[in-house]
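>>> can you look at this prediction? I've put the sequence above it.
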Amino acid sequence: MDQIKALLESPYALTVMYLLGLLLLAWLANVATHRVLLRVMRVVTRRTAWTWDDALLDAGVFRRLARVVPMLVIHAGITVVPKIPPAWDLLVQRAARALIVVFCLMAASAALNALEGLYQKTQHARRRSIKGYVQLLKILLYVIAAIVIIAALSDRSPWLLLSGLGAISAVLLLVFKDTILSLVASIQIASNDMLRVGDWITMPQFNADGDVIDIALHTVKVQNFDKTITTIPTWRLISESYKNWRGMQEAGARRIKRALYLDAGSVRFLDRQEQGDLKRFRLLAEYIRAKHEEIEQWNSALGDPGKVPVNQRRLTNLGTFRAYTLAYLKAHPRINHQLTCMVRVLDPTPDGIPMEVYCFTDTTDWATYEAIQGDIFDHLIAILPEFSLSVFQQPSGQDMRAGLGHVRNANLSAGG
């Protein structure tokens, strides 16, 4: 008992008891705040029809704000602890103020996350992303909080610290160069509606070919069709070119632009019998009839020179096949007939005469588009012999063996 009495009469015993009581009071305040405030807020949010309060609760805003209460207790209670050195008293208060700023910063950051989550559920989220702006606000909050914390710990005015930032502005510009560029790029992308989440873009310099899945302040993420992820700096999207396929998706049609390379040696005029045979094609009957009338009028106008074949206009197998291809496309049920549809012959090349098909399918689905395009060209290639045309291709090994075999057989026959 004497030892306990002596301990209580010690000059520091009362200080220790007050400190323990202050810590106990702060702990009780923390427990009460979490159990009472959070439960009340949970009940209130469930009974309201609003969604923003549920988002704030789920993001942990109130949980982070509850941590401010014990810091306030310590900040206010440290002044009543007896026989504590003033320097220690001031140090604890500064630390408490700094922690209050930290917890408020965490709550504000969680609130911004909740705001972004609410926006992502709206219809405007697909058109414009606010993730970059949210990240910028977080950076500003971190900078302001850092200044306030330093001011609180050093017991200086925050304005004094802000005035000193002008001296290191060049360093700050260098440190935040990418952030500034990304901010300007984000504003231009949003204001000009250049890019949205879900857009299909192609950017060969970054090997990017896929859908945009995230637009942040510093980076844009593209999920390629092979399921890899390409990360592109945001500012590169306004300094370099890229292709956005959104217009195709909004139009609901995708372009077919592919050429058949025909063997130039197979192009020739059609005789009367061949023209008659081609009349059995339902898609060509009207074309051949109209062409016959046009050619007869042309040749008759020439007089006697028009009786010589070299002076006459005549149908060619290439022109007839081109007309058949156009008629086939116009009759195809999966071609969009509201958009451009044509068949044209391009400049001859060493690989043959390219006949290009230019039209639009009525769908943008990749697999369906490829199936429609494949069916069209399968049909065109298979029907070429009906027009006495052939596709140009380089001689294969089998062609070379067949040619050499004919030469060998001819030599053997001559020798025999």
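Yes, it's here.

>>> low pLDDT regions in the stretch 101-250 of the chain?
124-129, 158-173, 175 (pLDDT under 70).

>>> please redo it, this time with the cut-off set to 80
118-136, 139, 143-144, 147-148, 150-180, 183, 187, 190-193 (pLDDT under 80).

>>> which parts of it are helices?
131-154, 158-165, 169-175, 177-191, 236-239, 246-251 (DSSP state H, counting those that start in this stretch).

>>> which of these sits closest to residue 214?
helix 131-154 (7.1 Å; CB to CB). Just so you know, the C-beta spots here come from the backbone N, C-alpha and C atoms, and that holds for glycine as well.

>>> who are the packing partners of that closest one?
In terms of contact count using 3 or more CB pairs under 8 Å, 6 or more residues apart in numbering; DSSP states H and E, helix 131-154 is assigned the packing partners helix 86-120, helix 158-165, helix 177-191, strand 208-215.

>>> with distance to residue 34 and mean neighbour count added, can I get those in JSON lines?
Converted to JSON lines, those look like this (distance: least, CB to CB, whole Å; neighbours: other CB atoms under 10 Å):
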{"stretch": "helix 86-120", "distance to residue 34": "13", "mean neighbour count": "17"}
{"stretch": "helix 158-165", "distance to residue 34": "31", "mean neighbour count": "12"}
{"stretch": "helix 177-191", "distance to residue 34": "36", "mean neighbour count": "17"}
{"stretch": "strand 208-215", "distance to residue 34": "34", "mean neighbour count": "18"}
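
>>> now for those, which one comes closest to residue 28?
Here helix 86-120 is closest among these (CB to CB), at 16.7 Å.

>>> could you chop this protein up by domain?
The record's domain parsing of the chain by automatic domain parsing lists 2-175, 193-246, 254-397.

>>> so of the ones you listed, which one's packed in deepest?
Among the domains of the chain, domain 193-246 has the highest mean neighbour count (mean count of other CB atoms under 10 Å), at a mean of 16.

>>> if we can go back for a sec, could you say which one of the domains of the chain comes nearest to residue 187?
Comparing those by CB to CB, domain 2-175 comes nearest, at 8.6 Å.

>>> skip the chain neighbours and tell me the closest residue to the most centrally placed residue in the chain.
When CA atoms, centre = their mean is applied to the chain, the residue found nearest the centroid is residue 212 (1.5 Å). Once flanking residues are discounted, residue 212 sits nearest to residue 199: 4.9 Å by CB to CB, 6 or more residues apart in numbering.

>>> residue contacts, the one you found?
If a contact means CB atoms under 8 Å, 6 or more residues apart in numbering, then residue 199 has 211, 212, 244, 245, 246 as its contacts.

>>> and if you look at residue 304?
Contacts of residue 304 (CB under 8 Å, 6+ apart): none.

>>> output the below-cut-off pLDDT ranges for the stretch 251-400 of the chain.
For the stretch 251-400 of the chain, the ranges with pLDDT under 80 are 299, 302-312, 394-400.

>>> which residues touch the nearest residue to residue 80 once chain neighbours are set aside?
Nearest non-adjacent residue to residue 80, counting by CB to CB, 6+ apart: residue 18, 7.1 Å away. Counting by CB under 8 Å, 6+ apart, residue 18 touches 80, 81, 82.

>>> next: residue 258.
Residue 258 sits in contact with 356, 357, 373, 377, where contact means CB under 8 Å, 6+ apart.

>>> same check on residue 333?
Applying CB under 8 Å, 6+ apart to residue 333 gives no contacts.

>>> helix, strand or coil for the residue nearest to residue 80?
Under DSSP: H, G, I helix; E, B strand; the rest coil, residue 18 falls in the helix class.

>>> measure residue 58 to residue 111 for me?
Applying CB to CB, to the nearest Å, the value for residue 58 to residue 111 is 12 Å.

>>> typo on my end, residue 318
Distance, residue 318 to residue 111, using CB to CB: 70 Å.

>>> quick check on residue 366: phi, psi?
Here is the backbone geometry of residue 366 (degrees, to the nearest 10): phi -60, psi -50.

>>> so residue 357: helix, strand or coil?
Classified using three-state DSSP, residue 357 is strand.

>>> beta partners for it?
residue 258, residue 343 (DSSP bridges).

>>> residue contacts, residue 252?
336, 362, 363, 364.

>>> list the contacts for the closest residue to residue 183 other than its chain neighbours?
Nearest residue to residue 183 in three dimensions, chain neighbours excluded: residue 136, at 5.9 Å (CB to CB, 6+ apart). For residue 136, the contact set (CB under 8 Å, 6+ apart) comprises 179, 183, 186, 217.

>>> which one of those is nearest residue 307?
Among those, and counting by CB to CB, the member closest to residue 307 is residue 186, at 75.1 Å.

>>> quick revisit: the residue nearest to the centre of the chain contacts residue 201, doesn't it?
Yes: with contact defined as CB atoms under 8 Å, residue 212 reaches residue 201; the gap is 6.2 Å.

>>> common neighbours of the two, please.
Contacts common to residue 212 and residue 201, judged by CB under 8 Å, 6+ apart, are 195, 222.

>>> which residues touch the closest residue to residue 233 other than its chain neighbours?
In space, and not counting its chain neighbours, residue 233 is closest to residue 219: 6.2 Å by CB to CB, 6+ apart. Contacts for residue 219 (CB under 8 Å, 6+ apart) come out as 231, 232, 233, 234.

>>> repeat that for 10 Å
Listed by CB atoms under 10 Å, 6 or more residues apart in numbering, the contact set of residue 219 reads 132, 178, 182, 230, 231, 232, 233, 234, 236.

>>> the strand or helix carrying residue 71: how far from the chain's middle?
In this assignment (DSSP states H and E), residue 71 forms part of helix 68-77. Relative to its parent chain, helix 68-77 has a centroid offset of 48 Å by CA atoms, centre = their mean, to the nearest Å.

>>> isn't residue 36 right up against residue 66?
Yes: using CB atoms under 10 Å, residue 36 is in contact with residue 66, at 9.4 Å.

>>> against residue 370, how distant is residue 68?
60 Å.

>>> okay if I get the contacts of residue 18 as TSV plus pLDDT and distance to residue 332?
Below are the contacts of residue 18 laid out as TSV (pLDDT from 0 to 100; distance: CB to CB, whole Å):
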residue	pLDDT	distance to residue 332
80	72	89
81	70	89
82	70	95
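
>>> quick check, nearest of these to residue 261?
residue 81 (92.9 Å).

>>> the closest one reaches residue 93, doesn't it?
No: between residue 81 and residue 93 there is no contact, the gap being 11.4 Å when judged by CB under 10 Å.
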